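A.B. asks: let's see this in three dimensions:
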Amino acid sequence: MSGNVRKKGVRNMRKMTKVDIVLFFHSTLKQYLETWEDFLKKELQKLETEIKETVPKNEEEELYLDYLESELGRLLSYDFPSIHRNSFLVSCCSYLEERLFYFCEDLRDKHNLPLKVSDLKGNALERVKKYFTKLGKIDIPDNWEEILSISNIRNCIIHNEGRIDDRKIQDYIDGRSDIKYDKGKKIMLDKEYCVHVLDSIRTLFEALYSNSRRPSA
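C.D. replies: Residues are numbered from 1 along each chain as shown. This next block holds a predicted model:
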């Protein structure tokens, strides 16, 4: 990348509104998701084609085909997508919390509020909600409960290796078609759920910035 292109990109970023920045990262993360999903799909298709077109000539080649079908097939159809999607969801939640904290700091600067969000008690989302309602005097977006459910999935992945030990999480998953769990009750995310997470974050911030522009009651 040339110096002029880089400088132009920096200038464009500086002109972006806070909503533009959220939408920019939403688009970037979605492109990242699509790129990796497409890569994994193509690699699995290549493997399936190789297995289908290969006629084993001896026992060694038969063992190799068995390996392709059982080991590499499992990696490409289960292990790799699981690692990728879990990591993606965790990254989205980290970005969500970071932007929410920035939003709270903006409220503090704009209204000269006496406390920082870090002064409040509770987990990240609990503190943010208190800051919005008690200090910022802005309405919580309608999809806040969905954001909490997504955060619960993230916590289960991080703190319990994705294994469900909470009835509330299991009920949430049972009510959706884009996320499930295996026989060991380990969470399995579909690509569609990752898209849902991204879109939920976007909807949240669009509502927050809209609500913050309304005059206080």
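A.B. asks: where does this structure have its least confident helix or strand?
C.D. replies: Every helix and strand of the chain was ranked by mean pLDDT, DSSP states H and E. The lowest is helix 3-15, at a mean of 47.
A.B. asks: measure how buried Cys104 is and give me the count.
C.D. replies: 23 (other Cβ atoms under 10 Å). For glycine as for every other residue, the C-beta is placed from the backbone atoms N, C-alpha and C.
A.B. asks: that one: what's it in contact with?
C.D. replies: Residues near Cys104 by Cβ atoms under 8 Å, 6 or more residues apart in numbering: Lys116, Val117, Val128, Tyr131, Phe132, Gly136.
A.B. asks: and which of these is nearest to Leu96?
C.D. replies: For the contacts of Cys104, the minimum distance to Leu96 (Cβ to Cβ) is 9.7 Å, reached by Val128.
A.B. asks: state the distance from that closest one to Gly175.
C.D. replies: Using Cβ to Cβ, to the nearest Å, Val128 is found at 25 Å from Gly175.
A.B. asks: more neighbours: the two, which one.
C.D. replies: Regarding Val128 and Gly175, a neighbour count based on other Cβ under 10 Å identifies Val128 as having more, with 24 against 9.
A.B. asks: centre of the chain to the helix or strand the more buried one falls within, how far?
C.D. replies: Using DSSP states H and E, the element containing Val128 is helix 124-130. Centroid separation for helix 124-130 versus its chain: 19 Å, with Cα atoms, centre = their mean, to the nearest Å.
A.B. asks: count the residues that sit near Arg74.
C.D. replies: Counted with other Cβ under 10 Å, residues neighbouring Arg74 total 11.
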